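Engineer: Need a 3D model of the sequence below.
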Amino acid sequence: MSKKIAITIIIISIFIVFGGLFAYSYINLFVELNDVKLLSIDWKTLSWDILSSVGLDALTGNWLDAAFGLIEAINLNLIFSLTNNGFLPVHIPNLTYDVIINDIHIGTGESKINTIIYPGQTIEIVSFQNLQKSGLEPAIKSIVESQGIMELKIRGVAIFNILWIDVPIPFESSKEVSVYTEIRNKLAAEIQKNQVETSSAVDSLGKTIGNVIDSIVAQIFGTDDEESSFLGEPIIDSTYMVSPGKYQSIPISVDCNANLHVAFSASSPLGNNIFLYVFDEHNYLKFQNSQGIFSIYNSDKVESGEFDILLKPGDYYIVLSNTYSTISEKSVKLQASTICI
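Structural biologist: Model (predicted):
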């Protein structure tokens, strides 16, 4: 074998080796959206006039504008993990991506990385994403209908540099983000602050508007099974075991014209359902004696619910009825609060 042929074989072998290393490194580069954190929400300057306007929007049934009319932008931290399971170190200049919320395209993003990942290494990249109200508009209805959940999908391309060659790596990941708690807490804080700053004449209106706005969030986003925060005075926060064929009554006393806010959920291995009634004292006695009754509220047989009713001063009873069941005991989480209006 001539020297020229030997050199040629060596060069080809080197190219094959490096080509194999290149190919192996290429197919073992991974990009994933590891986590999404709700950083903050940018709000309009909230005055009492704006809060009152939101309350009026709610009263006319315009839940969408009532909830999102106060938001200017939503700020997220997108946490990416980038992994190099190959044999060669790679340089990553940047990654670009599309932002999709509940299957609706919202906008684009880019993160300048400019770092090196060595073989066997995983690095974490945090990319700040500002979602402006104008960009969110197409997805707002979908967010409301999905109980305040944003199904965030990130689809894009990361640029890896291997042996001075730019290699695009497509990726797609999704995570859920809830804006429920942030919105509810902000509204509650602003309502309470503005109530203190208003005169006593307006303060009565303030309590009414405050309750309405709290109901907006409850109506739109529902309740958190583990943690519910109501405006006003909490009067019940307990779990009741209701035996088959029985009912549990919880007496409450109201000393003003008040809004009663109630949230409940039932669970059982044989059927997650319960009847919930609200009675005044007279009709509760008739209920006990199996006479014709009039309930202030009747949930029908449901798994869970949340509602507001207006009550005059007096004594009332919340009744959890499992009388229709013959073998299934029900565990019922019940929360209630009152606020004078």
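
Engineer: so where is the protein shaky, pLDDT-wise?
Structural biologist: The model of the chain has pLDDT under 70 over residues 1-28, 46-67, 147, 162-163, 180-181, 183-232, 341.

Engineer: Assign the residue lying closest to Ile100 once chain neighbours are set aside to helix, strand or coil.
Structural biologist: Nearest residue to Ile100, sequence neighbours excluded (C-beta to C-beta, 6 or more residues apart in numbering): Lys153, at 4.0 Å. Where you see a C-beta, it was placed from the backbone N, CA and C, and this is true even at glycine. Three-state call for Lys153 (DSSP: H, G, I helix; E, B strand; the rest coil): strand.

Engineer: quick one, what contacts Lys153?
Structural biologist: Applying C-beta atoms under 8 Å, 6 or more residues apart in numbering, we find Lys153 in contact with 99-101, 103, 172-174.

Engineer: I'd like to know which of those residues is nearest to Thr122.
Structural biologist: Each of the contacts of Lys153 was checked against Thr122 using C-beta to C-beta; the closest is Ser173, at 14.7 Å.

Engineer: so what's that closest one up against?
Structural biologist: Residues in contact with Ser173 (C-beta under 8 Å, 6+ apart) are 32-33, 153-154.

Engineer: what helix or strand is it on?
Structural biologist: Element membership for Ser173, per DSSP states H and E: strand 165-178.

Engineer: List the strands paired with that strand, with their directions.
Structural biologist: Within its sheet, and counting by DSSP bridges, strand 165-178 is paired with strand 149-162 (antiparallel).

Engineer: Asn94 should be in a helix, yeah?
Structural biologist: No: using three-state DSSP, the secondary structure at Asn94 is strand, not a helix.

Engineer: SS state for the residue nearest to it when sequence neighbours are not counted?
Structural biologist: Once flanking residues are discounted, Asn94 sits nearest to Lys112: 5.0 Å by C-beta to C-beta, 6+ apart. Reduced to three states with three-state DSSP, the structure at Lys112 is strand.

Engineer: distance of Lys112 from Ile235?
Structural biologist: For Lys112, the distance to Ile235 equals 54 Å [C-beta to C-beta, to the nearest Å].

Engineer: quick one, which of these two is more surrounded?
Structural biologist: Neighbour count, other C-beta atoms under 10 Å: between Lys112 and Ile235, Ile235 has more, with 18 against 11.

Engineer: quick one: which helix or strand includes that one?
Structural biologist: Secondary structure assignment for Ile235, by DSSP H and E: strand 233-242.
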